[in-house]
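>>> let me see the structure of the following:
(chains A and B, ligands or ions: 1)
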Amino acid sequence: MSDHPKLAEKFASNTNRMKWHDKALWFVRQKRDIQAQSLPEWEALRDKADAIKTHTLANLDHYLSAFETNARKRDIEVHWARDAQEHNKIVLDILRRNGATKLVKSKSMLTEECHLNPFLEENGIDVVDTDLGERIVQLRHEPPSHIVLPAIHLKKEDVGTTFEKFLHTQKGNSDPTYLTHEARKHLREKFLGADAALTGVNFAISETGGIVVCTNEGNADLGASLPKLHIASMGIEKIIPRLKDLSVFTRLLARSATGQPITTYTSHYHSPQHEGEMHIIIVDNGRSQILGNKKYVKSLQCIRCGACLNTCPIYRRSGGYSYGYTIPGPIGSTLGASKAIQKNASLPFACSLCASCSNICPVKVDLHEQLYLHRQDVVDAGLLDKTKHRALKMATWVMKHPMIMDSGGKIARKLVPILPRNLLYSKFNVWGKNRELPPFPKQSFKELYKERKK
Amino acid sequence: MKIGLFIPCFMNELYPEASMDTLKILESFGLDVDYPLEQTCCGQPMANTGCAHESAQLAKRFVEIFKHYDYIVAPSGSCVSMVRHHYAQFVSEMEGFEHVQKNTYELIEFIHDIIKPDHLNVSFPYKVGIHNSCHGHRELGLASMSECHAPAFSKIKDILDLVSDISFSTLERNDECCGFGGTFAVSEEAMSVAMGRARLEDHIKAGSEYITGVDMSCLMHMQGLIDRDKLPIKTIYIAQILAKGLA
Ligand code: SF4
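Sure, this is the predicted structure:
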């Protein structure tokens, strides 16, 4: 069961780190603003991306099966996985069939979602995440805390000590250039020794049967070109219809994600290497269930840019782990709630409904509206805290009876000012833990209004 | 033109003066303003906590009470947003709903869009920081948003510009949430407080003497922190600036 408020409080209790985390992400958000504002057609691009995605999701069967046909024509093997277990098993089977034991991975939130790494490790496969941030958290046995910046919760000193322990770097040296250099040396070795590579998929093009992967480090390319075996894992929603649609998304993606005009590498994979194999695994894992739900279907439009996390004032102050779900922030809260409301009931409430996420989203996912609706599902499922639910039912009853509300208010205005402070600010008064209550006035507006009218 | 004044439940109980100033301003434009006495709450706290059943009952009451007015004006961006964006789910079939939805305005929005005054006889010689409260800002569109690519504007600033001797502070983060968020303020207390403190730091750094805005609830939250932390800044509801000098 998720418990965002508690984990958020824990993260925020280290005020300096919380502020630093907030600032680091706000910096990315500002870079994004500059990029977005430099394009006069920004809002038109968002509309276009929204339209393409809406259309694609409405015709997903068609585009997926065309993709499969076209990929097969290019000697790519296509597999379908209903859930995480099937996906993981397919990966393992492909590796075993090829006698591969060393796998280099480039960043993929889908494989995080499927818990692929522990599964493969249990089965004797050596898995190395090759995105620098991803490698750092992998060494620490942590999941990514952000979908684009997996190690954003760590300071350079934390990275220094992690590398000291695992890569035997110089003691106390946390110079970023030095550390990056050491990581590169370490990763090169892994690339050269790998038997197989696994990448995520940013976009799968139905018309051509190929896939596109965007990275800044070129690690997907090294992985996919050194070993002869390339496996790509994608969610069913990664499809776009035509090659010419791609530019709409690549223009939006990097700008939204990191404030770059484009990612350093936008690599197209359209066939296996010479004498090699290429496999694409198309994964459902709960997505078709969302596809069938009008309220939440738009969450499948997400291109995983992370902008909604960076703009979210709660994510910035509570850190990725407070959500207890693979994908944190606004998009993770809605996906998590769609997938398993029971387990993720606190996530739709980890939000002040400020709506910044919906306005920043490059593909116009109606994030805050979805979180608002998920709250109703939480109540319908009987998962709202009983005391809170009772209080609101009671308040509603009072609000239906103005006379009772008036006399209640009157009593409160008389009583509260004479209550001793320790009674007024007891542990039941959560508001008053860090805030004063407003001073209670002598009369309500209604009383003043009635007097004035006489 | 008959105006129905909606005063949010908590403002009625806790902020009678800010509410009275709202009424006074509207009257100062020569408008016929009525405050229906049976009104209570728009249902927003229930809706934002997912209690659709309860919100529906209050939405129904609201439409019933206000459907006969030409305009409904409320000193609260978030309550107006509730009516405009969320009532449809609960009362779309009800007679009068569409009229109420279309004609319910936040106070400043109403003054800006409908009354369009070109001057106000009021002076406020202080440096003021505008708090762009989220629902007024992003859902009602009272000002351009930092996330979107659109020409800059602010209806709040337009109206405050009519006040003489006033000056404005420039914030680092112009439209970030203060962390009130209704029941969020309690259910996510730690986040709420951290967000509120961050807003206050921004305002103090920018030299705001007063923070003002169209949502008293946000100001209540920030004032609560100011009082506890003894910070050198004050909050003032926007109607209280505009009504200065009105009898
Ligand atoms: S929901 Fe939108 S903003 Fe958030 S990660 Fe997905 S595409 Fe980006």
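>>> CA atoms for contacts and neighbours, from now on please.
OK.
>>> could you see whether chain A lies near the lengthiest helix in chain B?
Criterion DSSP state H: the longest helix present in chain B is helix B:189-205. Yes. Helix B:189-205 reaches chain A (CA under 8 Å from any CA of the partner chain) through B:E189, B:A190, B:M191, B:V193, B:A194, B:M195.
>>> the last one - how many residues pack around it?
In other words, B:M195. Here the count is done by other CA atoms under 10 Å in any protein chain shown, and B:M195 has 22 residues near it.
>>> likewise the fifth one?
B:A194 is flanked by 23 other residues according to other CA under 10 Å.
>>> if I look at it, how far off is B:T170?
According to CA to CA, to the nearest Å, B:A194 stands 21 Å off from B:T170.
>>> residues contacting B:E147?
Going by CA atoms under 8 Å, 6 or more residues apart in numbering or on different chains, B:E147 touches A:D33, A:S356, A:N359, A:I360.
>>> wait, is it part of a strand?
No. B:E147 is assigned coil when assessed by DSSP: H, G, I helix; E, B strand; the rest coil, not a strand.
>>> before we move on, the earlier item: out of the residues of helix B:189-205 next to chain A, who's nearest chain A?
Distances from chain A to the residues of helix B:189-205 next to chain A, taken as CA to the nearest CA, are shortest for B:A190 (5.2 Å).
>>> residue contacts, that closest one?
Residues near B:A190 by CA under 8 Å, 6+ apart: A:P5, A:A8, A:E9, A:A12.
>>> quick one: pLDDT of B:G245?
Per-residue confidence for B:G245 comes out at a pLDDT of 81.
>>> the contacts of B:E147: which ones sit near the ligand?
Checked against the ligand using CA under 6 Å from any ligand atom, these give no members in range.
>>> quick one: the helices in chain B?
B:9-14, B:16-28, B:44-47, B:52-66, B:77-81, B:87-91, B:97-103, B:107-110, B:134, B:155-160, B:184-187, B:189-205, B:216-229, B:238-242.
>>> what's the most buried one of the ones you listed?
Across the helices of chain B, the average number of neighbours (mean count of other CA atoms under 10 Å in any protein chain shown) peaks for helix B:134, which reaches a mean of 28.
>>> before we move on, back to that, would you reformat the residues of helix B:189-205 next to chain A as CSV and include pLDDT?
Shown next, in CSV, are those (pLDDT from 0 to 100):
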residue, pLDDT
B:E189, 98
B:A190, 98
B:M191, 98
B:V193, 98
B:A194, 98
B:M195, 98
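>>> out of everything not next to it in sequence, what's closest to the residue positioned nearest the centre of chain A?
Closest residue to the average C-alpha location of chain A: A:I327 at 3.5 Å, with CA atoms, centre = their mean. The shortest distance from A:I327 to any non-neighbouring residue, by CA to CA, 6 or more residues apart in numbering or on different chains, is to A:I147 (6.6 Å).
>>> surely the one you found touches A:G306?
Yes. Shown here, A:I147 and A:G306 form a contact pair, counting by CA atoms under 8 Å, at 6.0 Å.
>>> do you know how far A:N359 is from A:A197?
In terms of CA to CA, A:N359 sits 36 Å off from A:A197.
>>> do the same with A:W80
19 Å.
>>> if you count surrounding residues, which of these two has more?
Counting neighbours by other CA under 10 Å for A:W80 and for A:A197 shows that A:A197 has the greater number, 29 against 18.
>>> for the more buried one, what are its contacts?
The contact partners of A:A197, taken as CA under 8 Å, 6+ apart, are A:L103, A:V104, A:K105, A:S106, A:G223, A:A224, A:P227, A:L229, A:H230, A:I231.
>>> okay, and the second one sits in which element?
Just to be clear, that refers to A:V104. For A:V104, the host element (DSSP states H and E) is strand A:102-105.
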